[in-house]
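K.L.:
Here's a sequence, model it:
(chains A and B)
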Amino acid sequence: MDAALLPLAPLVVVAGTTVVLILLDLLPPRTSKVHLGVVALVGIVATLVSALFLWGRAGRAFSGVVVLDNFALFFDVVICYAVALVLLLSLDYLRRNGMERGEYYILVLFATLGMLLMAHAADLIVIFLALELMSLSLYVLAGFFQARLTAAESAMKYFLLGAFATGFFVYGIALIYGAAGTTALDRVGAALGSATRDPLLLIGLGLLLVGFGFKISSVPFHMWAPDVYEGAPTSVAALIATGSKAAGFAGLLRVLLSTFRGAQPDWTALLWVLAVLTMTVGNVVAIAQSNLKRMLAYSSIAHVGYMLVGVVAGGPLGAGGVLFYLLVYSFATAGAFGVILLLERGRQEAVNQDDYGGLAARHPVLALTLALFLLSLIGMPPTAGFAGKFYLFGAAVRSGYIWLAVIAVLNSAVAAYYYLRVIVYMYMRDQEGVPTEPAPSFAGRLALGIALWGVFQLGLMPAPVLDLAQAAVAPLLR
Amino acid sequence: MELVTFFGVAILAVASALGLVLRRNPIHGALFLVVNLGCVAVLYLLLGAEFLALAQIIIYAGAIMVLFVFAIMVLIPGKEETGPDPLRPQRLLAVPLGAVLLLEAVLVLRSHVVGGGSSRFPGHQPGSPLAAVPPAVRPGGIESVGRLLLGDYLFAFEVTSVLLLAALVGVLTLAKRKAE
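P.N.:
Numbers count the residues shown, from 1 in each chain, chains lettered A, B, ... in the order given. So this is what the prediction gives:
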């Protein structure tokens, strides 16, 4: 490959696979599209390998608007893992729901391309385009199961609120361009250095935060998440909860830590409040949910709050902790959604708590798997959730945000209640009526196995990956 | 003079935007949007971005708005227009006004294509004041927009085409379901 295009290698692989899929979709067989999913999976694995192969390299392409650094590569790995899990889970899920269509895999790859591009973008215009590419594909995917009324509601809500947030984002870019005269992140940073208190720049940054806040679903921009997760196909909900959040954090961290470092006191104060609100609202409202997909939606909001704690703490510990936590959270959340996706009760997806009564007695392995993912989300040792929270909150304490850490730990205790409630249902209740049965999907079980491996690998030996995460944020903090 | 123009157009733009939001009749809203887009085009002109201003009028105020009005007409059938047209006298004005426009177009074409055949770009005729400025430095002209689009922003330009492809696939996905 041309040396100038090397920084683009992960993007090129995904884009190429997408084009191949579009062409492949036109060829027979018309009834089965599993082979498209397999090709997409091969493409994602190839992207993952290319990202790992490029680790340690740095470069820029296209007059500096796309950048290759360890930060972008770390996010490539997180996103590729999340997308690979989602694809494995989708292979059988689509067929079971009578929606086996090639467009699904094409759109998933388009969304992936947007996510990866977000991690590699070094220009506000490119960040915006990446955001749109990702969102546009996810809007359609959210409404993919047309037969369900909730699907239409989900897609419509996601689209309208998303378009609104995009408006804020573009307005922010326009103001920053007006103040700095450029959209390149490093040159905006240079312009900021000379005029830290320029109100135009700060308002622009505030508007950008609204746009990012929507994508990562932080309070008060979280309202869409529960409805969208509930109505979207469960595999897509998993993709929105993991991949698109990771991409949102990639953009947010690059803009805040590297470009707007000069305004750190300003945005730290703002994010402190956002972090507390996000985790508290997410956890408290999650208690009232009896639908597991909605519960996971609020739980994902709460986890965004924890990650914002890391952003506030800053430095290699805090920011590295966020990257590490994103990986941990993605494995556990994709896994939890994966178990829900496999379980059926009388041809309906098992999404209510009642559907999980007595599951441990009839399907001990699956019940244990879900329990382990939930324990990781609580943050129990020896799962990865514990290590992730330990580093995040530890970074907050070390940066002097004692109260923030205290609130975060209290929140984790509240969260334990609603996660444990599901485990109580599985192990201590009986089920009446139609029993809940898992679908016989090998690919789905493989995905759960990989996620479980991730949860324990990162839980028992967190240090190597944490070192990588801290090395990844180093180029931003320089 | 520029300041007066700016404030006049800006007020008109805000007023038409308010009209778009506040009117209940969708056709009125669409017409307000045309006014709004036109005002924005004038603002572009004030900034010296001629190409952008023209593109704004041709693409947004022209093509896209026609599509808008079409969609409104097809999707939201309003009350049928009955009775005599209250604006009938205005039709008489259409013929002379159209003739003036045609005459103007012919004159402009004559002076630029036939008269000044040396340059294909009207802004760069020898003798015109703009000719003194080298094309690359003059911001807002078609050359500088082209240079930016295929230079600094080449990557963004390419990503936009990927975005459009994704939108195409998305629309197909949504539209196909209706047929099934």
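K.L.:
wait, what's in contact with the residue nearest in space to the middle of chain B?
P.N.:
The centroid of chain B falls nearest to B:Ile57 when counting by C-alpha atoms, centre = their mean (1.1 Å). Neighbour list for B:Ile57: B:Leu37, B:Gly38, B:Ala41 [criterion: C-beta atoms under 8 Å, 6 or more residues apart in numbering or on different chains]. C-beta coordinates here come from the backbone N, C-alpha and C atoms, glycine included.
K.L.:
likewise A:Asn291?
P.N.:
A:Glu230, A:Val351, A:Asn352, A:Gln353.
K.L.:
can we see that at 7 Å?
P.N.:
A:Glu230, A:Val351, A:Asn352 (C-beta atoms under 7 Å, 6 or more residues apart in numbering or on different chains).
K.L.:
which bits of chain B sit near chain A?
P.N.:
Taking C-beta under 7 Å from any C-beta of the partner chain as the criterion, chain B approaches chain A at residues B:152-156, B:159-160, B:162-163, B:166-167, B:169-170, B:172-174, B:177.
K.L.:
Which of these fall within helices?
P.N.:
Among the residues of chain B next to chain A, the residues falling in helices (DSSP state H) are B:154-156, B:159-160, B:162-163, B:166-167, B:169-170, B:172-174, B:177.
K.L.:
Going by neighbour count, which of those comes out on top?
P.N.:
B:Val159 (27 neighbours; other C-beta atoms under 10 Å in any protein chain shown).
K.L.:
doesn't A:Leu131 make contact with that one?
P.N.:
No: between B:Val159 and A:Leu131 there is no contact under C-beta atoms under 7 Å: 11.0 Å.
K.L.:
And the helices in chain B?
P.N.:
According to DSSP H, the helices that chain B contains are B:2-22, B:26-46, B:50-55, B:65-75, B:88-109, B:142-150, B:154-179.
K.L.:
what does chain A put close to chain B?
P.N.:
A:15, A:62-63, A:65-66, A:103, A:106-107, A:110, A:113, A:117, A:125-126, A:129, A:132-133, A:136-137, A:140, A:146.
K.L.:
just checking, which of these belong to strands?
P.N.:
Using DSSP state E, A:Val66 are the members of those that sit in strands.
K.L.:
Derive a PyMOL selection command for the buried subset of the residues of chain A next to chain B.
P.N.:
Buried residues among the residues of chain A next to chain B (16 or more other C-beta atoms under 10 Å in any protein chain shown), as a PyMOL selection:
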select buried, chain A and resi 15+62+65+66+103+106+107+110+113+117+125+126+129+132+133+136+137+140+146
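K.L.:
mind saving the C-alpha coords of stretch A:419-439 as PDB?
P.N.:
Provided in PDB are the C-alpha atoms of stretch A:419-439 (Å, rounded to 0.1, in the frame of the first residue of the first chain):
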ATOM      1  CA  TYR A 419     -28.600  -6.100  38.300                       C
ATOM      2  CA  LEU A 420     -28.900  -8.500  41.200                       C
ATOM      3  CA  ARG A 421     -32.700  -8.500  40.800                       C
ATOM      4  CA  VAL A 422     -32.300 -10.200  37.400                       C
ATOM      5  CA  ILE A 423     -30.000 -12.800  38.900                       C
ATOM      6  CA  VAL A 424     -32.500 -13.400  41.800                       C
ATOM      7  CA  TYR A 425     -35.200 -14.000  39.200                       C
ATOM      8  CA  MET A 426     -33.000 -16.500  37.400                       C
ATOM      9  CA  TYR A 427     -31.800 -18.400  40.400                       C
ATOM     10  CA  MET A 428     -34.600 -18.100  43.000                       C
ATOM     11  CA  ARG A 429     -37.900 -17.800  41.200                       C
ATOM     12  CA  ASP A 430     -40.000 -20.300  39.200                       C
ATOM     13  CA  GLN A 431     -41.500 -19.700  35.900                       C
ATOM     14  CA  GLU A 432     -45.200 -20.400  35.100                       C
ATOM     15  CA  GLY A 433     -46.700 -21.000  31.700                       C
ATOM     16  CA  VAL A 434     -44.600 -21.200  28.500                       C
ATOM     17  CA  PRO A 435     -40.900 -21.800  29.400                       C
ATOM     18  CA  THR A 436     -38.200 -19.500  28.000                       C
ATOM     19  CA  GLU A 437     -35.900 -21.400  25.600                       C
ATOM     20  CA  PRO A 438     -32.700 -20.300  24.000                       C
ATOM     21  CA  ALA A 439     -32.300 -20.500  20.200                       C
END
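K.L.:
picking that back up, need the contacts of A:Asn291 in TSV (columns: secondary structure).
P.N.:
Listed next are those as TSV, based on DSSP: H, G, I helix; E, B strand; the rest coil:
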residue	secondary structure
A:Glu230	helix
A:Val351	coil
A:Asn352	strand
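K.L.:
And the strands in chain A?
P.N.:
Here chain A has its strands, by DSSP E, at A:59-61, A:66-68, A:343-345, A:348-349, A:436-438.
K.L.:
which residues are in contact with the third one?
P.N.:
The reference is to strand A:343-345. Contacts for strand A:343-345 (C-beta under 7 Å, 6+ apart): A:Ala350, A:Asp355, A:Val434, A:Thr436, A:Glu437, A:Pro438, A:Ala439.
K.L.:
likewise the second one?
P.N.:
Contacts of strand A:66-68 from elsewhere in the structure, counted by C-beta under 7 Å, 6+ apart, are A:Pro7, A:Leu8, A:Leu54, A:Arg57, A:Ala58, A:Gly59, A:Arg60, A:His120, A:Ala121, A:Ala122, A:Val126, B:Phe155.
K.L.:
Pipe the residues you listed into TSV and attach pLDDT per row.
P.N.:
What follows is the contacts of strand A:66-68, written out as TSV (pLDDT from 0 to 100):
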residue	pLDDT
A:Pro7	73
A:Leu8	86
A:Leu54	91
A:Arg57	86
A:Ala58	86
A:Gly59	85
A:Arg60	86
A:His120	94
A:Ala121	93
A:Ala122	92
A:Val126	95
B:Phe155	91
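K.L.:
Just the buried residues from those, in PyMOL please.
P.N.:
Buried residues among these (16+ other C-beta under 10 Å), as a PyMOL selection:
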select buried, (chain A and resi 7+8+54+60+120+121+122+126) or (chain B and resi 155)
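K.L.:
tell me which of the contacts of strand A:66-68 is nearest to B:Val108?
P.N.:
In terms of C-beta to C-beta, no member of the contacts of strand A:66-68 lies closer to B:Val108 than B:Phe155, at 37.9 Å.
K.L.:
List the contacts of the closest one.
P.N.:
Applying C-beta under 7 Å, 6+ apart, the residues near B:Phe155 are A:Phe62, A:Val65, A:Val66, A:Val126.
K.L.:
let's go with 8 Å and repeat that
P.N.:
Contact analysis of B:Phe155 by C-beta under 8 Å, 6+ apart lists A:Ala61, A:Phe62, A:Ser63, A:Val65, A:Val66, A:Val126.
K.L.:
Just give me the closest of these to chain B.
P.N.:
Nearest to chain B, judged by C-beta to the nearest C-beta, of the contacts of B:Phe155 is A:Phe62 at 3.7 Å.
K.L.:
wouldn't A:Leu476 be in contact with A:Ala319 here?
P.N.:
Yes: between A:Leu476 and A:Ala319 there is a contact under C-beta atoms under 8 Å: 7.1 Å.
K.L.:
Next one, pLDDT for the residue nearest to the centre of chain B please.
P.N.:
Note for B:Ile57: predicted pLDDT of 92.
K.L.:
Excluding chain neighbours, what is closest to A:Thr31?
P.N.:
Setting aside the residues directly before and after it, A:Thr31 is nearest to A:Glu100 in space (C-beta to C-beta, 6 or more residues apart in numbering or on different chains), at 7.6 Å.
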